[in-house]
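>>> Structure for the following, please:
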Amino acid sequence: VQLVESGGGLVQAGGSLRLSCAATGRSSWSFSTMSWFRQAPGKDREFVVGIAWSGSTAYADSVKGRFIISRDNTNNTAYLQMNSLVAEDTAGYYCAVDTTAEDWRIRRERNAYDYWGQGTQVTVSS
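Reported below is the predicted structural model:
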C-alpha cells in the first residue's frame with residue numbers, strides 16, 4: 001500500500017499550490033475517506049481537510065474559503081487546491097486514508113487513519 005503525494009514547493013504569500021495524493025496497492029479503496037494533515041516545526045500534526053467517498057467534505061476553520069479538496073474515485077486520487085496562501089500554511093502536508101469511514105464519515109483524529117503518505121513540504125514566503 002502506498003500513498004504518493006506531489007505538488008508541494010515554495011510559493012509567495014497570496015499564491016496557490018495544488019497537491020495530489022494517489023493511493024495504490026490495495027484491491028479496493030471504496031468507501032474510504034481521504035484527508036490531508038499538516039505539521040509545522042515544533043507543532044502537532046493537525047487535520048486540514050477531508051473528503052468522504054460520497055464527496056462530502058470537512059475543513060479546518062483556518063483554511064475554509066481558501067482550500068478546496070476533491071477526489072477522483074476511478075483513480076483513487078485526492079487533490080488539494082490551496083489558494084491565498086499565508087506564511088502560517090508553511091508545513092509538511094500528509095495525505096491519509098481512513099478505510100473504515102463507510103461512505104460519509106470524516107474523522108479529524110490522526111489515529112483514525114490507516115495509511116499515511118511520506119509528506120510533501122509547502123513553504124510560503126512572506
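>>> ok, which stretches of this structure are strands?
All strands of the chain, identified by DSSP state E, fall at 2-6, 9-12, 17-24, 33-39, 46-51, 57-59, 67-72, 77-82, 91-98, 115-116, 120-125.
>>> Give the bridge partners for the closest residue to residue 70 other than its chain neighbours, please.
Excluding the flanking residues, the one nearest residue 70 by Cβ to Cβ, 6 or more residues apart in numbering is residue 79, at 4.9 Å. (C-beta placed from N, C-alpha, C; glycine too.) Beta-bridge pairing of residue 79 under DSSP bridges involves residue 20, residue 70.
>>> In this structure residue 79 contacts residue 57, no?
No: between residue 79 and residue 57 there is no contact, the gap being 11.9 Å when judged by Cβ atoms under 8 Å.
>>> joint contacts of the two?
residue 69 (Cβ atoms under 8 Å, 6 or more residues apart in numbering).
>>> so where is the chain shaky, pLDDT-wise?
Counting by pLDDT under 70, the chain contains no low-confidence range.
>>> sorry, back to before: to residue 105, which of the strands of the chain lies closest?
Nearest of these to residue 105, taken as Cβ to Cβ: strand 33-39 at 6.4 Å.
>>> Sheet-wise, list the partners of that closest one with their directions.
Note on strand 33-39: by DSSP bridges, its sheet partners are strand 46-51 (antiparallel), strand 91-98 (antiparallel).
>>> Can you give me the neighbour number for residue 9?
Residues lying near residue 9 (other Cβ atoms under 10 Å) number 12.
>>> Over to residue 25?
As a measure of burial, residue 25 has 10 neighbours, counting by other Cβ under 10 Å.
>>> Pull the contacting residues for the closest residue in space to residue 110 that isn't next to it in sequence.
Leaving aside its sequence neighbours, residue 110 sits nearest to residue 45 (Cβ to Cβ, 6+ apart; 5.9 Å). Residues near residue 45 by Cβ under 8 Å, 6+ apart: 37-39, 94, 110.
>>> re earlier: distance to residue 106 for the strands paired with strand 33-39 - can I get that in CSV?
Listed next are those as CSV, based on distance: least, Cβ to Cβ, whole Å:
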stretch, distance to residue 106
strand 46-51, 4
strand 91-98, 8
